[in-house]
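Colleague: return atomic coordinates for the entry below.
(one chain, ligands or ions: 1)
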Amino acid sequence: MTKPPVESSVTAVNDNTYRQLHNVLGKETIQTVVNSFYDQIQQHPTLGSYFAGVKDWDELKARLGHFWWIDLGGKRYREDIYNPHAVHRFLKIPPALIDDWLVLFSATLSEHLSDENAKAWLIRATKMAEWIRTDLQEHSK
Ligand code: HEM
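Modeller: Numbers count the residues shown, from 1 in each chain. Below is the predicted model of the structure:
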C-alpha cells in the first residue's frame, strides 16, 4: 500500500473545516437539520424507544440545535451545559446503536445540505459518535 503524502495527513489531523459551518449554513438551517433528525428519530425502530421519556420536544430540539451551532463554530446564545457522555451512559445505550444513529444522521444531512456541507458535518458527527461509542463500551464492561 502506498503511503498518503505528508501534506494530506497533516490536513486530516488539523481539519477544522467544520468550524466554519455555522457561518456557511446559519442558525436556521442548522436548527432545521436538527429538527428533521429528531422528528424522524421518534419513529425509528431501534433508536425511538430511548426518547420515550422526552417531555418537551421543542426544548430538546432547541437545546440540540444550540449544541450543534456551538460545535460548528458559532457563539453561544443559550446558557446550556451539555454532558453527552453522562446522558448516554445513564440511558445504557448499546454501543452498536451508534451505527444506526450515524445512518439516520447522514441521511438527514444529505436531505438538507449540499454534498460538501453534508460531508463536513458528517465527518465531525462521526468523530463525536465514536467518542460516545467508546465511552459506552468502557462503561458497559
Ligand atoms: C445510539 C444512539 C443515540 C441515542 C439512542 C441517543 C439518545 C439520546 C437521548 C434519549 C437523549 C436525552 C434526551 C433528553 O434530554 O431527554 C440524548 C441527548 C443528547 N444526545 Fe444522544 N443519543 C444517541 C447518540 C448520540 C450521538 C452520536 C450524539 C452526538 C454526535 C448525541 C448527542 C446528544 C447530545 C448533545 C445530547 C444532550 C446532552 C445533554 O443534555 O447534556 N447523541 N441522546
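Colleague: backbone dihedrals for the closest residue to residue 84 other than its chain neighbours, please?
Modeller: Spatially, and ignoring its direct neighbours in sequence, residue 84 is nearest to residue 132 (6.2 Å; CB to CB, 6 or more residues apart in numbering). Any C-beta I mention is one placed from the backbone N, CA and C, and that applies to glycine too. Backbone geometry at residue 132, expressed as degrees, to the nearest 10, gives phi -70, psi -40.
Colleague: this protein: helices as residue ranges?
Modeller: With DSSP state H, the ranges of helices along the chain come out as 6-13, 21-41, 57-71, 84-90, 97-112, 115-139.
Colleague: low-scoring stretches of the chain, by residue?
Modeller: Low-confidence segments of the chain (pLDDT under 70): 1-14.
Colleague: which bits of it sit near the ligand?
Modeller: By CB under 6 Å from any ligand atom, the residues of the chain that approach the ligand are 47, 50-51, 53-54, 60, 64, 67, 82-84, 87-88, 91, 93, 97-98, 101, 125, 128-129, 132.
Colleague: point to the residue nearest the middle of the protein.
Modeller: residue 125 (4.0 Å; CA atoms, centre = their mean).
Colleague: now do the same contact list for that residue.
Modeller: 102, 105, 109 (CB atoms under 8 Å, 6 or more residues apart in numbering).
Colleague: roughly how far apart are residue 33 and residue 74?
Modeller: 14 Å (CB to CB, to the nearest Å).
Colleague: neighbour-wise, which of those two wins?
Modeller: Higher neighbour count among residue 33 and residue 74: residue 33, with 22 against 18, using other CB atoms under 10 Å.
Colleague: please name the residues that touch that one.
Modeller: If you count contacts by CB under 8 Å, 6+ apart, then residue 33 has 68, 108-109, 112-113, 121 around it.
Colleague: how about residue 54?
Modeller: residue 60.
Colleague: any idea how far residue 122 is from it?
Modeller: 24 Å.
Colleague: count of neighbours near the residue lying closest to residue 98 once chain neighbours are set aside?
Modeller: Closest residue to residue 98 apart from its sequence neighbours, by CB to CB, 6+ apart: residue 133 at 4.3 Å. Using other CB under 10 Å, residue 133 is surrounded by 20 other residues.
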